[in-house]
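[1] sequence unavailable; structure follows:
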Ligand SMILES: Nc1ncnc2c1ncn2[C@@H]1O[C@H](COP(=O)(O)OP(=O)(O)OP(=O)(O)O)[C@@H](O)[C@H]1O
Ligand SMILES: [Mg+2]
């Protein structure tokens, strides 16, 4: 059967479109929003969106950019072709979207038809791929460095032990412990840059249990830092490599304590939502400047005098290897929240 224009239900086409579609009026209110648009914003009822200002759904810093874009569309009948922005969903959650806008004519009035596509997952996949590529090339360099440096260091260590047996010197112990640190760094470097080498078996893991275990290692810090645990859905199990998670939580909690200089608060949350186990580690520490956030996870990126900058690389590698996502939100002087989401897989 051929469909003629008269027989096509255009309202149904728009209403059920998988892309979000908004119709925005001159006063910047949303006059129409299709089902996908409502879903994207994570609201239940159309009343939460219709006749509301679009600015309620956009972070403040892009208000003027969006305003001038809408002026272009409605006054100059221009088309906005692909604008990558962030939108504000229900409960303050953010989503990366690609937006297009075209003029919509109704009588002598012009509105803006805005088409929005959620690209959060696409962006995360690209970032993951980039991280993986970065790590793969680092892995090759690391393996080379470890090989080249380990042999002479092993020889030095052997001679040092021989000297220690025949004579004593106050510097010998320090030399030995410094040498151990060098070996330790080499080992860490190899571990984080070549995670495939660790063929740990996949086992059922209770992340709550692992979080509690790691926290025990920081007992002495708990005198000055208040620790709040909010571990819900503790019976949720994920499948993965146990030791990698222990190390990742250790690295995250260590960073949180290090960020809190003197007194402060550390909050650890665990809950299950939409097929994912969420772990959030929040501190009231010094925070991370916005321009540094994208550097996190890059090997050797560190702002600390004695940091190797491999802690978060290990965390990112572990989470990505388990099919999860990690997001960081931080404000200088206020604190940092690391949010991890991991899929619950059946064995
Ligand atoms: N919770 C946090 N608060 C503030 N800054 C953080 C936090 N976590 C990480 N950072 C920043 O990210 C950088 C990299 O962290 P990462 O754990 O990879 O390395 P590091 O802590 O410097 O050294 P290492 O963990 O190898 O001892 C840190 O130097 C710090 O600047
Ligand atoms: Mg660290």
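    That came in fine, so what should we check first? Note that the structure is a prediction, hence the values are computed from the model and not measured. Ligands and ions are numbered 1, 2, ... in the order given.

[2] hey, what's residue 203 bridged with?
    With DSSP bridges applied, residue 203 shows beta-bridge pairing to residue 240.

[3] give me the pLDDT value at the closest residue to ligand 2 within the chain.
    Residue of the chain nearest ligand 2, by Cβ to the ion: residue 311 (2.9 Å). Yep, even glycine has a C-beta here, placed from its N, CA and C like the rest. What the model reports for residue 311 is a pLDDT of 91.

[4] could you find the closest non-adjacent residue to it?
    Setting aside the residues directly before and after it, residue 311 is nearest to residue 251 in space (Cβ to Cβ, 6 or more residues apart in numbering), at 3.8 Å.

[5] quick one: that neighbour is in a helix?
    Yes - the assignment for residue 251 is a helix, going by DSSP: H, G, I helix; E, B strand; the rest coil.

[6] what's the local residue count around it?
    19 (other Cβ atoms under 10 Å).

[7] thinking again about what came up before, in this structure the residue of the chain closest to ligand 2 contacts residue 254, no?
    Yes - the criterion here is Cβ atoms under 8 Å, and residue 311 meets it with residue 254 at 6.7 Å.

[8] more neighbours, these two?
    For residue 311 versus residue 254, neighbours defined as other Cβ under 10 Å are more numerous around residue 311 (23 against 15).

[9] where's the more buried one relative to residue 229, distance?
    22 Å (Cβ to Cβ, to the nearest Å).

[10] OK, contacts around the residue nearest to residue 311?
    The contact partners of residue 251, by Cβ atoms under 8 Å, 6 or more residues apart in numbering, come to 311, 312, 314, 315.

[11] so which of those sit within strands?
    In strands, defined here by DSSP state E, there are no members of the contacts of residue 251.

[12] contacts with ligand 1 among the residues you listed, please.
    With Cβ under 6 Å from any ligand atom as the criterion, the contacts of residue 251 include 311, 312 near ligand 1.

[13] which SSE is the most centrally placed residue in the chain in?
    By Cα atoms, centre = their mean, the chain has its centre lying nearest to residue 327, at 1.9 Å. If you go by DSSP states H and E, residue 327 is part of strand 325-331.

[14] what do you get for residue 244?
    helix 242-259.

[15] is there contact, residue-wise, from that helix to ligand 2?
    Yes - residues of helix 242-259 are located near ligand 2 by Cβ under 5 Å from the ion, namely residue 255.

[16] tell me which residues of that helix come out buried.
    For helix 242-259, burial by neighbour count (16 or more other Cβ atoms under 10 Å) applies to 242, 244-253, 255-259.

[17] swap in stretch 308-326?
    Across stretch 308-326, burial judged by 16+ other Cβ under 10 Å covers 308-320, 322, 324-326.

[18] which of these fall within helices?
    Using DSSP state H, the subset of the buried residues of stretch 308-326 located in helices is 311, 312, 313, 314, 315, 316, 317, 318, 319, 320.

[19] from the residues you listed, which is closest to ligand 1?
    residue 311 (2.5 Å; Cβ to the nearest ligand atom).

[20] residues contacting that closest one?
    Contacts of residue 311 (Cβ under 8 Å, 6+ apart): 251, 252, 254, 255.

[21] let me know how buried the nearest residue to the residue nearest to the centre of the chain once chain neighbours are set aside is, in neighbour terms.
    Closest residue in space to residue 327, ignoring its immediate chain neighbours: residue 339 at 4.8 Å, by Cβ to Cβ, 6+ apart. Neighbours of residue 339 under the rule other Cβ under 10 Å: 15.

[22] and if you look at the one 4 residues further on?
    Neighbour count for residue 343, taken as other Cβ under 10 Å: 13.
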